[in-house]
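Student: compute the structure for the input listed below.
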Amino acid sequence: MNIFNILSLTGGLALFLFGMHYMGSSLERLGGGKFEEILEKMTSSRLKGLLLGAGITAVIQSSSAVTVMAVGFVNSKIMSLSRAIGIIMGANIGTTITSWLLSLTGIQSSNLFVSLLKPSAFTPVLALAGIILYLFCKSEKKKNLGSILLGFSVLMFGMEAMSTAVEPLKDVPAFTSLLTAFSNPILGVTAGMLLTAVIQSSSASVGILQALTVTGSITVSSAFPIILGQNIGTCVTALLSAVGTNKNAKRTAVVHLLFNAVGVLLAMLLFYGINAAFRLPFIENTVNPSDIAVIHTLFNVFATAVLFPFGNTLEKLACLMVKDGNTKDGSNLVDKKFLMSSSYAVNKAMEECMEMGLLAKENIMLCLDFINEYSKINDERIRKNEKKLDAYEDRLETYLVKIGSMQLNLEDSIKISKLNHAIGNFERIGDYGINILKTKRKMHENKIHFSADANNALEVMSDAVSEIVEKATQAFTENDITLAKTVEPLEQVIDNLKIELRAMHAKWIEKGECSVENGILFFDIVNAFERIADHCSNLAVCIIELSQNSYKPHSYLRVIKNDESKTFAEAFEKYLNKYKL
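Tutor: Numbers count the residues shown, from 1 in each chain. Model prediction:
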């Protein structure tokens, strides 16, 4: 073992870990958040959760990612702790697929067709296909498929490089004696646990162990406890992800740890108990990559089969370990755990922004009710809602900055642009609602009243504002381009109503029917109405422009187009004549 072997081993390990990460992230992008949505919506039973957890882990090649998703779902109250247990158990089974793929490197045969199954035979072809798809295709899906093939190829090249680099170690007595020491169950479990905890991937640590089998020094007695320890070490990722979450999310991570720890304990008692009684003849046999895959699979299937009926017991133990008083429940807001998948993170942010839009609409509707009569109850509701809107804005903007640093496809980039504009507009709509609230509160406290004509005029304008807010929020939540195009003519109607009310107000002053103080308060409300309509228009413009994949601020000018002039004329006549202004 010389310096060149060490460099080859280091380079092979780097390629292996990079390939595994790159392939997993590419699979996530190709899925476009669909895997997380399936987990979220299709876990009505623990058995279904187990099957889905196994299937999705097999696809994205990461039990840690799926487990962290489960922690995030529970933290955001999307999923119950009981349902998450099935996903965690399934993830442990699904992760064994990686070890079977890596076991292909150990194929030895003179048969041509069997030899073609070796990665060294087909990986170059996959790499060529991957680079062609990645460089020369414009489709996002084809590029992601190319990235998956490239990631898999790099992973396999890394595996081959590690195997080649460590092969000379079979002639080094010190290395052989070191591996023999891992036959001690405690040392073996500890070594496997520490290795996996450091690289935070049981699939990767199992792959490293498979690469070491080419030395011919790893026996069943040393491989078995190391593999068991690797399954405990993989719990570190979930435990770290649970920091700062609510009590049930912490319990989810604890269930993951309990499941693997109890499974390891039972497997060791069974394996070493049988060996003590009958002395297993194969325990000192050397293993190859396929044997490692078999041991890894048998353990996870055994642990799931034994502990699946005791899912409720694991849940109760987790509840005892993480008591109710230890942590505060989190709210159903976007969770940093979802950042493991950019597409799903974008979709969750979109859902939260829709809730923000509905909250802004509710506030405006409550404010419009103040035109007729002040209500202290609604005053408190509006102020509470405004605090929630501000919290939404802060949380979502921070979350979008984090998402923006990830690799996004075109569709997700467009959604991010839409969200950035929507958040600001919804928050400003809420602010102008507060302005209306303050004006009406001041009038109530000072017993100021508008004339019947002024109240009628405000009611006309408030009806138009109510309609534009309804259309704008619905167009956003449903991504309805047709409805969004009806917002701009209505915004022009409100602008013209403001001009009409200004002219009417001048007449009232001439007749002595309106004081200066009342006039200021009147136009505070009118101006707030007009600004609310402006932000609804901004939102609609953004929806229209992004539907064409090219948002340019103010490119959709606030000018009534020919095809919208009829809509404008009808709406203006409707509101102008409603109270015979």
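
Student: which residues of the stretch 351-500 of the chain score low on pLDDT?
Tutor: Within the stretch 351-500 of the chain, no stretch has pLDDT under 70.

Student: and the helices in it, which stretches?
Tutor: Remark: helices assigned in the stretch 351-500 of the chain by DSSP state H, counting those that start in this stretch are 376-404, 410-445, 452-478, 481-484, 487-511.

Student: adding mean neighbour count, write these out as TSV.
Tutor: For every residue, glycine as well, the C-beta is placed using N, CA and C. Output for the helices of the stretch 351-500 of the chain, formatted as TSV (neighbours: other C-beta atoms under 10 Å):
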stretch	mean neighbour count
helix 376-404	16
helix 410-445	20
helix 452-478	20
helix 481-484	16
helix 487-511	18
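
Student: out of these, nearest to Asn184?
Tutor: Closest approach to Asn184 among the helices of the stretch 351-500 of the chain is made by helix 376-404 (44.2 Å; C-beta to C-beta).

Student: other SSEs contacting the closest one?
Tutor: The helices and strands touching helix 376-404, judged by 3 or more C-beta pairs under 8 Å, 6 or more residues apart in numbering; DSSP states H and E, are helix 342-369, helix 410-445.

Student: just want the angle from the longest one to helix 342-369.
Tutor: Just to be clear, that refers to helix 410-445. 20 degrees (axes from the mean of the first three to the mean of the last three C-alpha atoms, to 10 degrees).

Student: so which elements touch helix 410-445?
Tutor: Partner elements for helix 410-445 (3+ C-beta pairs under 8 Å, 6+ apart): helix 342-369, helix 376-404, helix 516-547.

Student: got JSON lines for the ones you listed, with distance to Glu284 too?
Tutor: Shown next, in JSON lines, are those (distance: least, C-beta to C-beta, whole Å):
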{"stretch": "helix 342-369", "distance to Glu284": "47"}
{"stretch": "helix 376-404", "distance to Glu284": "51"}
{"stretch": "helix 516-547", "distance to Glu284": "65"}
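
Student: what's the pLDDT at the residue of the chain most remote from its centre?
Tutor: Distance from the centre of the chain peaks at Lys511, with 62.0 Å (C-alpha atoms, centre = their mean). Lys511 is assigned a pLDDT of 73 by the prediction.

Student: hmm, back to that, make a markdown table out of the helices of the stretch 351-500 of the chain and add distance to Met23.
Tutor: Formatted as a markdown table, the helices of the stretch 351-500 of the chain follow (distance: least, C-beta to C-beta, whole Å):
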| stretch | distance to Met23 |
| --- | --- |
| helix 376-404 | 21 |
| helix 410-445 | 20 |
| helix 452-478 | 36 |
| helix 481-484 | 37 |
| helix 487-511 | 44 |
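
Student: nearest to Phe152, out of those helices?
Tutor: Once the helices of the stretch 351-500 of the chain are compared by C-beta to C-beta, helix 410-445 is nearest, at 23.5 Å.

Student: chain center to that closest one, what's the gap?
Tutor: For helix 410-445, the separation from the chain centroid amounts to 25 Å (computed by C-alpha atoms, centre = their mean, to the nearest Å).

Student: likewise stretch 74-84?
Tutor: That offset, for stretch 74-84, works out to 14 Å (C-alpha atoms, centre = their mean).
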